[in-house]
Each structure stands twice: as structure tokens, then as C-alpha cells.
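> A structural model of the following input is requested.
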Amino acid sequence: MAGDLLALMWAPFLMCLVLTGIHAYLGFHVLAREVVFVDIALAQIAALGATAAFLFGYDLETWASYAFALGFTILGALVLALTRSRRRHVSQEAVIGVVYAVSSAAAVLLADRSPHGAEHLRGMLVGSILSVSGREVLKVAGLYSAIGVFHWLCRRPFFLISTDPGAAYQDGWRVRWWDFLFYASFGIVVTSSVRIAGVLLVFSYLIVPALAGILLGRGIGARLLIGWGFGTVVSVLAILASATLDLPTGATVVCAFGLALLVLGVVMKLGARRLSGRDALAASAEVMAEGRETWR
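Below is the predicted model:
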């Protein structure tokens, strides 16, 4: 039984680790830029491109479908880069919301013209991570490693623009150009991930591990390690639960991330109360000690 489970789940498990590695890192940039929904917007744009390819007769697994999705995503990255301004009159999150809503509606309109459009949209939403192969894991890991090297080489402008855009403008960086490079590389990751894991799971891998790292760690290195560890542990538990209870893997992982984040929040809240209670007791003890010294 254990051998059959291992033979079935090893590739999806490794894919979850690959997704955790790249998305947890990108999540820190997204949270620092305060554009939380940029991932789901780009994912929906990629889904729109794949839906357009499906309407033209290309299956989701073909290179033509991937090219359609990537092309649409690069256009979305260009829109996001152009809407960046030094003085924000409108929040970029509002622009991202409009992009998401329009791309979702357009995908529905395109899917309506296809006899199996509804099934295609559902597949793009929840993905099919359970059916990935070892070869697909190697391909995606190689692609994401290349993206990781690119971000390492561009780490200075990327981190500066994410954490302090005002300083980036003052130092003379071409912020819109670097924004385009960031969102374009981000879009490549999203396009590949959505085809495997679906829109919802990709969003969860982007936000939840990064948020856990920010809550528990100090410094970029510590937060990355915590985010990667958190995503790995939740992925393992969710995949085991999915296999044991015969549940859809993608949806199970998403719900597990939500539950884990809720548990983390409760534990941190209780810990903060205990610390505040200890501080109060310590302060009371100091007052009592001072009182004793006074009466002596």
C-alpha cells in the first residue's frame, strides 16, 4: 500500500516543492509591492491565452497553447509596468483588479464559443498536478532555476524597487523598464505553473508561504527559509491527506494552506497574549519590590 502511494505521489510531491521554491520567493516581492492580486491577475491572463488557443483547436498540453498563454501574459506584464507611476493617483491594485475582471470575463466569452469550454475553464482553475510526470518536474525545475538565476543577477534593482521605489527613482533606475522585466519573468513562472497547478493553487503558493515567512522571520534569508519550510510541510501533509482520503489534490493543498495560516495566526495571537501577561507580571513584581524598598 505504501509502495503504491509512493509510486503515485512522488512526482506531484516534487512538483509542489518546485512550486514552493520559486513562488515563495516571488511572494516576498508581491507583498512588499502591495500588489497581492497580481499573481492571480497574471494567472487569469495566462488562462485567457490558453482559452484562446483552445478555441483555435490547440489542446492545453501543446506548445501552441503555451505560446498563446505566454504571449497574453507578456502583454499583461507590459500593462502593469506602464501603469506604474512615481506619484500614485490611483492604486495599482485597482488596475490589477480591473485586469483580472476583464480577463476573466473575456475567458468566459471565449469558452462559451467552444463545446467543451466549461471543462477547460475548470481545468485552468484547479489544475491537474496529480497527473504530472517526472519529466515535467525536471522541465519546470530547469525553467524556474533559470528564472532564479535571472533574479539573482537583477536582485539589486528588483529588491530596491519592491521595498523602496522612491529611492529607486532618486538613484536614476529606469523603474518601468525593470518593472517590465520583473513582471515578464513573473509571468513566465505563472504561465507554466497555471498549466500544472491551476489558478487557485498558484496563488496560494505565492502568498501563504511568503506571509508565514514575514510573520515569523527577520531578514530576507530567514524569511525565505521559513517560507520554503512552511510550504514544504503543508504540501507534504496536504498530499498525504489527498491520497488517504481520495480528495482532489489541488483543492486539498489550497485548503491546507488556508488552515495552516489560520492555525499560525491563532498560535501567534496566543503567544502574544502570554508574552504581554508575563510583561504585566514582571511589571507588577517590580512595583511590589519598589514598594517593599520604600517601606523599609
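> Leu31: which element?
Per DSSP states H and E: Leu31 is located in helix 2-33.
> number of nearby residues for the closest residue to Leu264 other than its chain neighbours?
Computed as C-beta to C-beta, 6 or more residues apart in numbering, the closest residue to Leu264 that is not its neighbour in sequence is Ala212, at 6.0 Å. Bear in mind the C-beta positions are built from the backbone N, C-alpha and C, glycine included. Using other C-beta atoms under 10 Å, Ala212 has 24 other residues around it.
> backbone phi and psi for Ala212, please?
When read as degrees, to the nearest 10, the backbone of Ala212 gives phi -60, psi -40.
> for the stretch 1-150 of the chain, what spans make up the strands?
Under the criterion DSSP state E, counting those that start in this stretch, strands are not mapped anywhere in the stretch 1-150 of the chain.
> can you list the weak-confidence ranges in it?
The model of the stretch 1-150 of the chain has pLDDT under 70 over residues 1-8, 60, 85-90, 114-127.
> Give me the secondary structure label for the residue sitting nearest the centre point of the chain.
When C-alpha atoms, centre = their mean is applied to the chain, the residue found nearest the centroid is Leu206 (1.1 Å). Assigned with DSSP: H, G, I helix; E, B strand; the rest coil, Leu206 falls in the helix class.
> what's it in contact with, if anything?
Contacts for Leu206 (C-beta atoms under 8 Å, 6 or more residues apart in numbering) come out as His23, Ala24, Leu26, Gly27, Val30, Asp39.
> my guess is the third one contacts Phe186, does it?
Going back to what we said before, that points to Leu26. Yes. Leu26 lies in contact with Phe186 (C-beta atoms under 8 Å); the separation is 6.0 Å.
> circling back: now do the same for the residue nearest to Leu264: its pLDDT.
pLDDT recorded at Ala212 is 90.
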